[in-house]
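**Q** Requesting a structural model of the entry that follows:
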Amino acid sequence: MWLFITSLVITSFICNSPAYAYDNNPLQDICVAVNNSHASVFVNGKICKDPKLATPNDFYFSSLNFSRDVYPKYGIAVTIVGVKEMPGLNTLGISTSRADIEPQSLFPFHMHPRATELITVLEGTLYVGFLVPDPVNFFKSRLFSKILNPGDVFVFPIGLIHFLYNVGHKKAVVFGSYNSQNPGLITIPSSIFASEPPIMDDILAKSFQLNKTEIAQLRNKFS
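**A** Okay, the predicted model is just below:
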């Protein structure tokens, strides 16, 4: 009995001790520590407005019913509704987006470091997929893919590389939902080949098993 009571007390202490509390998920790409008591303090990546000064427009966004300008290189247009666009999302942990993808165009390999993405196809036909690392061999991965039509729903787990390819003959329209006010977006090809300052050619050549001439060509395409 004493052993049971002792174990119960220890467990209770551990579960309620602040030393064992987990960190909240980061809501910005980087957050550099600073030893300055006068520096701004951010809550969920944003400073909170005085509630008395809040207005209905803080919780409102318009114009998600039409496409934005298309990125010519990729044939896609994206409208993001996160905390920057709708301040009232701060601390709520949700956001949304609209993507318009031209026929035979690709939303390139990308990931959202802070959110799972749930997509709903409104128009068009898409081939979508995400990659899951092989637990035995981290140089390999498993592809989960599907052909989607209007009304279909698909989910990309948090932090995993995924893509959307319009395999149809008309524009595809997709709405995305995220469990973060700031899901983040990292496009894999441009992040690697268009970084500032650039990554050394030797590193890229060894990583992709290419020669430096091929690396230079890729830089030109993504710069």
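**Q** alpha carbons only for contacts and neighbour counts from here, please
**A** Will do.
**Q** Please tell me how far the residue nearest the centre of the chain sits from Phe163.
**A** A centroid search over the chain (CA atoms, centre = their mean) returns His112, at 1.6 Å, as the residue closest to the centre. Look at His112 and Phe163: by CA to CA, to the nearest Å, they are 12 Å apart.
**Q** Same question for Ser37.
**A** 43 Å.
**Q** Settle it for me: which of those two has more neighbours?
**A** Phe163 (19 against 7; other CA atoms under 10 Å).
**Q** Wait, a helix at the more buried one?
**A** No - under DSSP: H, G, I helix; E, B strand; the rest coil, Phe163 sits outside any helix and is assigned strand.
**Q** The nearest residue to Glu85 once chain neighbours are set aside: what's it in contact with?
**A** Taking CA to CA, 6 or more residues apart in numbering as the measure, Glu85 lies nearest to Phe61, with 7.2 Å between them; neighbours along the chain are not counted. Each residue near Phe61 by CA atoms under 8 Å, 6 or more residues apart in numbering is listed here: Val81, Glu85, Met86.
**Q** What about the last one? Give its phi and psi, please.
**A** Here the main-chain torsion angles of Met86 (degrees, to the nearest 10) amount to phi -130, psi 90.
**Q** which residues sit in contact with it?
**A** If you count contacts by CA under 8 Å, 6+ apart, then Met86 has Asp58, Phe59, Tyr60, Phe61 around it.
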